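# let me see the structure of the following:
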Amino acid sequence: MDGIFPPLPTPFREDGGLDLGLLAAFVEGLNGTGLSGFLALGSNGEAVHVDEEESERVVAAVRRAAAPGMTLLAGTGRLSTRATVEATRRAAGAGADAALVVTPFFFKGSMSTDALVTHFEAVADASPVPVLVYNVPANTGLNVPPSTIARIAAHPNVAGVKDSSGDIGQLAEIVRLAPAGKPFPVFSGNYGAALPGYAVGAAGAILAAANVAPRECVAIRDAFLAGRLDEARQLHLRLLPVARAVTSQFGVPGLKLALELLGRPAGAARRPLLPLAAESRENVRQVLAQARLLTD
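Presented below is the predicted three-dimensional model:
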């Protein structure tokens with residue numbers, strides 16, 4: 001498993017209901033852009049805003065819309081091990097090829113190495129599909145050290161990690177400690193760390209920016225792998241403000257606005273997230289224009 005995956009937005013109508021038709025159209029628009037697959041119900045998919053029945057419907061809708069051969073990851077992490085196991089089984093039944101499991105975080109003070117290893121081993125034991133660890137300290141307040149990820153990676157059904165810390169030193173250490181006896185792809189979940197991540201052995205990236213500029217995100221990795229380093233660097237830097245705008249700066253509402261401006265709508269965000277104010281909307285428009293993604 002390698003390449004570029006977008007963490008798909010989950011489209012909602014203005015009344016807050018799911019818009020699975022819009023989700024299908026969005027996925028179909030990404031088919032054929034060079035992406036390796038899709039992540040349904042990640043952080044940018046507002047997974048925490050979707051109930052269990054809706055989650056299953058989202059995964060099934062993406063599976064139906066995805067082109068043949070596209071790998072489908074589904075976010076299934078919950079706050080308890082029991083709920084995570086059930087969500088993972090349901091996602092697999094709906095068509096997910098692998099589960100991306102975020103760290104439990106509410107009782108973060110109790111999430112010792114042993115607690116995390118025990119949790120992930122139990123999920124991997126019960127999961128009908130491979131499990132990837134999802135480390136996203138900006139959202140969880142909990143950073144999983146590379147040594148802990150290495151212990152979790154020893155399980156035969158743990159098949160990779162998405163590290164969104166943005167710490168290239170940490171990403172490199174995860175690659176260094178990856179088990180030697182099996183494939184264990186390391187994905188950057190942070191755009192800024194993605195290009196340097198390829199240099200230290202990251203297998204790919206799972207990036208919000210890949211929703212907005214899928215071909216460009218794929219082209220950066222392709223150029224790096226082909227040794228065209230200056231080309232990769234220039235394109236990476238051109239998209240850097242876009243990646244920031246649709247993540248840390250304006251979050252999910254910023255991502256959905258960018259897609260709307262590009263003519264690839266992904267619906268509204270679900271409350272309590274609010275639409276962007278006029279000044280922020282103009283900021284997003286300017287960033288897209290400066291990156292030569294918006295031409296009118």
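# pretty sure residue 4 belongs to a helix, no?
No - per DSSP: H, G, I helix; E, B strand; the rest coil, residue 4 lies outside any helix segment and is strand.
# ok, residue 248 - contacts?
Residue 248 is in contact with residue 138, counting by Cβ atoms under 8 Å, 6 or more residues apart in numbering. Yep, even glycine has a C-beta here, placed from its N, CA and C like the rest.
# enumerate the positions of stretch 235-250 that are buried.
By neighbour count on 16 or more other Cβ atoms under 10 Å, the buried set for stretch 235-250 is 235-236, 238-247, 250.
# ok, so of those residues, who is nearest residue 14?
Residue 14 lies nearest to residue 250 out of these, by Cβ to Cβ, at 19.3 Å.
# distance-wise, check residue 64 relative to residue 31.
12 Å (Cβ to Cβ, to the nearest Å).
# out of everything not next to it in sequence, what's closest to residue 219?
Distances taken as Cβ to Cβ, 6 or more residues apart in numbering place residue 235 nearest to residue 219, at 6.1 Å, with adjacent residues excluded.
# let me know the pLDDT of the one you found.
In this model, residue 235 is scored at 98, pLDDT.
# what do you get for residue 180?
In this model, residue 180 carries a pLDDT of 89.
# just the helices in the stretch 101-250 of the chain please.
Using DSSP state H, counting those that start in this stretch, the helices found in the stretch 101-250 of the chain span residues 113-126, 137-140, 146-153, 168-177, 191-199, 209-212, 214-225, 229-244.
# which pLDDT value belongs to residue 296?
pLDDT recorded at residue 296 is 65.
# let me redo that: residue 13
Looking at residue 13, its pLDDT stands at 94.
# look up how far residue 38 lies from it.
Distance, residue 13 to residue 38, using Cβ to Cβ: 21 Å.
# residue 72: what secondary structure?
Assignment for residue 72 (three-state DSSP): strand.
# turn the helices of the stretch 101-250 of the chain into TSV, including distance to residue 49.
Formatted as TSV, these follow (distance: least, Cβ to Cβ, whole Å):
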stretch	distance to residue 49
helix 113-126	22
helix 137-140	13
helix 146-153	27
helix 168-177	28
helix 191-199	23
helix 209-212	17
helix 214-225	24
helix 229-244	22
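# residue 191 is in contact with residue 240, correct?
Yes - Residue 240 lies in contact with residue 191 (Cβ atoms under 8 Å); the separation is 7.0 Å.
# same question for stretch 49-58, mean pLDDT?
Averaged over stretch 49-58, pLDDT sits at 97.
# also stretch 123-138?
Across stretch 123-138, pLDDT averages out at 98.
# got the CA coordinates for it in PDB?
Listed next in PDB are the C-alpha coordinates belonging to stretch 123-138 (Å, rounded to 0.1, in the frame of the first residue of the first chain):
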ATOM      1  CA  VAL A 123      -8.800  -4.300  17.500                       C
ATOM      2  CA  ALA A 124      -6.300  -6.000  15.200                       C
ATOM      3  CA  ASP A 125      -7.200  -9.400  16.600                       C
ATOM      4  CA  ALA A 126     -10.900  -8.900  15.900                       C
ATOM      5  CA  SER A 127     -10.700  -7.000  12.600                       C
ATOM      6  CA  PRO A 128     -11.400  -8.800   9.400                       C
ATOM      7  CA  VAL A 129      -9.200  -6.200   7.500                       C
ATOM      8  CA  PRO A 130      -5.800  -4.800   8.200                       C
ATOM      9  CA  VAL A 131      -5.500  -2.000  10.700                       C
ATOM     10  CA  LEU A 132      -3.500   1.200  10.400                       C
ATOM     11  CA  VAL A 133      -2.600   3.400  13.400                       C
ATOM     12  CA  TYR A 134      -3.700   7.000  13.200                       C
ATOM     13  CA  ASN A 135      -1.600   9.500  15.200                       C
ATOM     14  CA  VAL A 136      -3.100  13.000  15.100                       C
ATOM     15  CA  PRO A 137      -1.900  14.900  18.200                       C
ATOM     16  CA  ALA A 138      -3.300  18.300  17.100                       C
END
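# now it: buried residues?
So, applying 16+ other Cβ under 10 Å, buried residues of stretch 123-138: 123-124, 126-127, 129-137.
# same question for stretch 85-102.
85, 87-92, 94-102.
# now residue 39, what's its secondary structure?
Assignment for residue 39 (three-state DSSP): strand.
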